[in-house]
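In: sequence first, then the predicted structure:
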Amino acid sequence: MTDSDSIELKIVHGGEKFKLHIGCDKTVDDLKGLIEVQVGVDKEKQKLIYKGVQLKDGKATLKESKMKRKAKLTLIGSKDNPDEMLCKKAFLDIKQSYDQQGELLNSCEKEWDNIEKVI
């Protein structure tokens, strides 16, 4: 990803401020997922306000939402308790590992199919 493909966003949540870097082609849902990991507010509980308007279309890209470099967003939502955050992180780590293993298995199956064709 080049610098022109990503934007820096400032997220304001209560008295806290966070900076995030994300690709312009990512969706609002992708942004909410990143915020969930970085800030600790469940993406289902988030309300993101940009230029006085709530971002409701999760499928819209940040570019389609007309976000500019160093845009400021206000985040409304309660943080998860620390135990819930640890459980979610563990679940996401397991899911990512599972997905990677599935991709590896699919690759092996394709290779096996190619070997069978040669034999």
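Out: In hand now; what should we look at?

In: now the helices for the chain?
Out: 28-39, 82-118 (DSSP state H).

In: Leu73 is nearest to which of the ones you listed?
Out: helix 28-39 (8.3 Å; C-beta to C-beta). In short, each C-beta sits where N, CA and C put it, glycine included.

In: and the helices of the chain, which is most packed in?
Out: Counting by mean count of other C-beta atoms under 10 Å, helix 28-39 has the highest mean neighbour count of the helices of the chain, with a mean of 18.

In: counting contacts, what elements does that one pack onto?
Out: Applying 3 or more C-beta pairs under 8 Å, 6 or more residues apart in numbering; DSSP states H and E, one finds that helix 28-39 contacts strand 6-13, strand 16-23, strand 47-50, helix 82-118.

In: go again using 6 Å as the cut-off
Out: Contacts defined by 3 or more C-beta pairs under 6 Å, 6 or more residues apart in numbering; DSSP states H and E place helix 28-39 against strand 16-23.

In: how long is stretch 69-83 end to end?
Out: 34 Å (C-alpha to C-alpha, to the nearest Å).

In: Throw the helices of the chain into CSV and include distance to Gly15, thanks.
Out: Output for the helices of the chain, formatted as CSV (distance: least, C-beta to C-beta, whole Å):
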stretch, distance to Gly15
helix 28-39, 13
helix 82-118, 19
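
In: pick out the shakiest of the ones you listed, pLDDT-wise.
Out: Note on those: helix 82-118 shows the lowest mean pLDDT, a mean of 87.

In: wait, which of the helices of the chain is closest to Leu55?
Out: Nearest of the helices of the chain (C-beta to C-beta): helix 28-39, 4.9 Å.

In: identify the residues contacting that closest one?
Out: Residues from elsewhere that reach helix 28-39 (C-beta atoms under 6 Å, 6 or more residues apart in numbering): His13, Phe18, Leu20, Ile22, Asp42, Lys43, Gln46, Leu55, Gly58, Ala60.

In: and with 8 Å instead?
Out: 9, 11, 13, 16, 18, 20, 22, 41-43, 46, 48, 55, 57-62, 65, 75, 79, 88-89, 92 (C-beta atoms under 8 Å, 6 or more residues apart in numbering).
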